[in-house]
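Asks: Attaching a predicted model along with its sequence, questions to come.
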Amino acid sequence: MRTFFHPLFGLLGVVILLSACQKKPAPDNSNVTASADQTAASATAPTGIVKNAIRHTEETADVTKWMEMASSKTPAQLAEEARLAKIAKDTKLEQEAKLALDAKTLAAKTTVIPPVAPLVHDPVKTTAAAVTPPATATAIKQADAPPLQVAAVLPKPVPAVVATPTPAQSQVQTQENTEQNQPKLLSSVQPTFPVTATLAGVTEGSVTTRISIGSDGKVLQVEIVKARPTKVFDKEAIAALSQWRYAPLASPQTKIVELSFQNVLKLLTSVQPLFPAAATQAGVTEGLVSARISIGTDGKVSQVEIIKSKPTKLFDKEVIAAASQWKYAPISSPQTKILEFSLKQSN
């Protein structure tokens, strides 16, 4: 009996369930509002469930935009854009490769300067370390930094060096230039050995002079620079050099001339000329006569020739008479000598 009711109760339950499902109850607005509130609350509350697994990055946005635009473009436009994009990509790759090559070349030319290690026993640095605060993070970072790289400096072109003459070459060149600029002597007159020097027993001497030469080659001025003995040969040197002549010059010049005086003849006796009465009557109180005498091997004067006299011929006779009586020591061969006589009226 129990076995029979069991299937019956099951069939009855099924019928009741079906009938309940066919009934449609009236919609309840309060339940709908409550369900919406629960849905909004659940949306804001963290549930651990990922609702949007796709991350919209810039690239995704660009692709999306491109797809939207592509839908409105023709196949030819799409192909042209693809070609331009490929060209831009290839150009970018070439630029990156060139930058990498330049960086490699620069790295090959750089010189690495290692950091200088501080001295161990440096009292100055030891004292500074005692008062220096502890190293900061920045100092530690600088210590750990790699060695400083300095770009190698290309050598500058060396300017051409002009060879300078050595002192010896400069001296030779200066001497050659000086010789080329030296005035050319055309004629010269040798100074006479003064009678006063002979009478004083002076047998030699020298005079250094500075002469001024004009553009016409004539000697304009004679200046005594140095004389040995002093003032013994000055007058004769000035008289002789004043008669020197040089070739014409482009501009006036000065020149140093040194004259040597030497009396190789040894004078034994000499006679001074007398002052003539004719000169006294004419009111002349002084005169100057230059004469050239010829001396034989026996030392005697064999001939007297008047070269110059002032006043003319007023004292010639007395000078010839006096010079003819001069006598020298015997010599090996005849010689000539120029004598200059200065005559003054005695009081």
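Replies: Alright, I've got the coordinates.

Asks: Any idea how many residues pack against residue 294?
Replies: 14 (other Cβ atoms under 10 Å). (Each C-beta comes from the backbone N, C-alpha and C, glycine too.)

Asks: Surely it is in a strand?
Replies: Yes. Checked against DSSP: H, G, I helix; E, B strand; the rest coil, residue 294 lies within a strand.

Asks: List the residues that contact it.
Replies: Residues near residue 294 by Cβ atoms under 8 Å, 6 or more residues apart in numbering: 301, 302, 303, 304, 305, 334, 335, 336.

Asks: and it, bridged to which residues?
Replies: Under DSSP bridges, the beta-bridge partners of residue 294 are residue 303, residue 336.

Asks: what's the distance between it and residue 278?
Replies: Residue 294 sits 27 Å away from residue 278 when distances are taken as Cβ to Cβ, to the nearest Å.

Asks: What is the nearest of the contacts of residue 294 to residue 316?
Replies: residue 304 (9.4 Å; Cβ to Cβ).

Asks: Quick check: residue 311 vs residue 92, distance?
Replies: Separation of residue 311 from residue 92 (Cβ to Cβ) stands at 119 Å.

Asks: Of those two, give the one with the bigger neighbour count.
Replies: Neighbours were counted for residue 311 and for residue 92 using other Cβ under 10 Å; residue 311 has more, 13 against 10.

Asks: Surely that one and residue 287 touch.
Replies: Yes. With contact defined as Cβ atoms under 8 Å, residue 311 reaches residue 287; the gap is 6.0 Å.

Asks: Find residues that contact each of those two.
Replies: With Cβ under 8 Å, 6+ apart as the test, residue 311 and residue 287 both reach residue 279.

Asks: Might one say that residue 235 is in contact with residue 194?
Replies: Yes. In this structure residue 235 lies within contact range of residue 194 using Cβ under 8 Å: 7.2 Å.

Asks: Between those two, point out the one with more neighbours.
Replies: Taking other Cβ under 10 Å, residue 235 and residue 194 do not tie; residue 194 has more neighbours (22 against 17).

Asks: How about the secondary structure of the closest residue in space to that one that isn't next to it in sequence?
Replies: Closest residue to residue 194 apart from its sequence neighbours, by Cβ to Cβ, 6 or more residues apart in numbering: residue 236 at 5.5 Å. Here residue 236 takes the helix state, with states given by three-state DSSP.

Asks: Look up how far residue 191 lies from residue 236.
Replies: Between residue 236 and residue 191 the computed distance is 4 Å (Cβ to Cβ).

Asks: picking up where we left off before, of the contacts of residue 294, keep whichever come out buried.
Replies: Among these, those scoring as buried are 301, 304 (criterion: 16 or more other Cβ atoms under 10 Å).

Asks: Format the contacts of residue 294 as JSON lines; extra columns: pLDDT.
Replies: Shown next, in JSON lines, are the contacts of residue 294 (pLDDT from 0 to 100):
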{"residue": "301", "pLDDT": "94"}
{"residue": "302", "pLDDT": "92"}
{"residue": "303", "pLDDT": "93"}
{"residue": "304", "pLDDT": "95"}
{"residue": "305", "pLDDT": "94"}
{"residue": "334", "pLDDT": "84"}
{"residue": "335", "pLDDT": "84"}
{"residue": "336", "pLDDT": "86"}
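
Asks: any idea which of the contacts of residue 294 is closest to residue 202?
Replies: Nearest to residue 202 among those: residue 335, at 18.6 Å, using Cβ to Cβ.

Asks: Return the residues in contact with the nearest residue to residue 203 once chain neighbours are set aside.
Replies: Excluding its sequence neighbours, the residue lying closest to residue 203 (Cβ to Cβ, 6+ apart) is residue 263, at 4.8 Å. Counting by Cβ under 8 Å, 6+ apart, residue 263 touches 193, 197, 198, 202, 203, 204.

Asks: Counting neighbours, which of the residues you listed comes out on top?
Replies: With neighbours defined as other Cβ under 10 Å, the most crowded of those is residue 193; it has 24 neighbours.

Asks: what's the pLDDT at the nearest residue to that one once chain neighbours are set aside?
Replies: Leaving aside its sequence neighbours, residue 193 sits nearest to residue 263 (Cβ to Cβ, 6+ apart; 4.9 Å). What the model reports as pLDDT for residue 263 is 76.

Asks: Residue ranges in the stretch 101-250 of the chain under the pLDDT threshold?
Replies: Residues of the stretch 101-250 of the chain meeting the criterion pLDDT under 70: 110-181.

Asks: how deep is the closest residue to residue 250 other than its chain neighbours tucked in, by neighbour count?
Replies: Nearest residue to residue 250, sequence neighbours excluded (Cβ to Cβ, 6+ apart): residue 215, at 7.3 Å. For residue 215, the count of nearby residues is 12 (other Cβ under 10 Å).

Asks: Helix, strand, or coil at residue 215?
Replies: Recorded secondary structure, residue 215: coil (three-state DSSP).

Asks: Relative to residue 76, how far out is it?
Replies: The gap separating residue 215 from residue 76 is 101 Å, by Cβ to Cβ.

Asks: again with residue 85
Replies: Residue 85 is 15 Å from residue 76, by Cβ to Cβ.

Asks: just to revisit the earlier point, share the number of residues neighbouring the residue nearest to residue 194, please.
Replies: Neighbour number of residue 236 under other Cβ under 10 Å is 22.
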